[in-house]
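Colleague: Please work out how this folds:
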Amino acid sequence: MAKNKYIESPEILWQFFLDYKKSVKDFPKLVQDYVGKDANMVYREKERPLTDKGFFNYCRREVGCVKQYFDNPDNRYSEYITICRVIKDEIDEDQIEGGMTNIFNPSITQRLQGLVDKKEVTDIKPQKLVIKVKRNEDN
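Modeller: Numbers count the residues shown, from 1 in each chain. Alright, predicted model coming up:
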């Protein structure tokens, strides 16, 4: 007996993403801060980034696990490939733009997106070349 899908169509998955996005952007995090010379404590609102893990957790609470729709094991979720790519692109865009405008921590954004500059440094030490010459005593 085949297991029914939690989400019956790509359009419904897209609606779940729009609901997740609204829940994230409409409810910022409150961050404790201290301002002024007397260091008065205040709470500031900080925008929350969209994340794939956040979306997966949101769906898990609402309908069930949806990670398999993105992983597409044995091509069982092929009809969802396009919408999953669009959702991933929306999440990436939010993180990159947020990092580039310092809404989110740029270093964390770079790591999440795999945008960290990588330099390969090789320490080359000169080596002494030793040549052994065997003399032919017979000549």
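
Colleague: which non-adjacent residue is nearest Ile81?
Modeller: Leaving aside its sequence neighbours, Ile81 sits nearest to Asn72 (C-beta to C-beta, 6 or more residues apart in numbering; 6.4 Å). All C-beta spots, glycine's among them, are computed from the backbone N, C-alpha and C.

Colleague: who's in contact with that neighbour?
Modeller: Ser78, Tyr80, Ile81, Cys84 (C-beta atoms under 8 Å, 6 or more residues apart in numbering).

Colleague: Give me the buried entries from those residues.
Modeller: Neighbour-count burial (16 or more other C-beta atoms under 10 Å) is assigned, among the contacts of Asn72, to Tyr80, Cys84.

Colleague: Now secondary structure and distance to Thr101 too, for the contacts of Asn72, in TSV please.
Modeller: Converted to TSV, the contacts of Asn72 look like this (DSSP: H, G, I helix; E, B strand; the rest coil; distance: C-beta to C-beta, whole Å):
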residue	secondary structure	distance to Thr101
Ser78	helix	36
Tyr80	helix	31
Ile81	helix	31
Cys84	helix	26
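
Colleague: what about the spatially most central residue of the chain, distance to Gly98?
Modeller: By C-alpha atoms, centre = their mean, the chain has its centre lying nearest to Leu112, at 3.8 Å. Using C-beta to C-beta, to the nearest Å, Leu112 is found at 11 Å from Gly98.

Colleague: And Ile83, which helix or strand is it part of?
Modeller: Using DSSP states H and E, the element containing Ile83 is helix 81-100.

Colleague: So which helix or strand of the chain has the lowest pLDDT on average?
Modeller: In the chain, no helix or strand scores lower on mean pLDDT, DSSP states H and E than helix 106-113, which sits at a mean of 86.

Colleague: residue boundaries of the helices in this structure?
Modeller: For the chain, the helices defined by DSSP state H occupy 10-25, 52-62, 67-71, 81-100, 106-113.

Colleague: Which one, of those, ends up nearest to Tyr34?
Modeller: Of all the helices of the chain, helix 106-113 sits nearest to Tyr34, with 22.8 Å by C-beta to C-beta.
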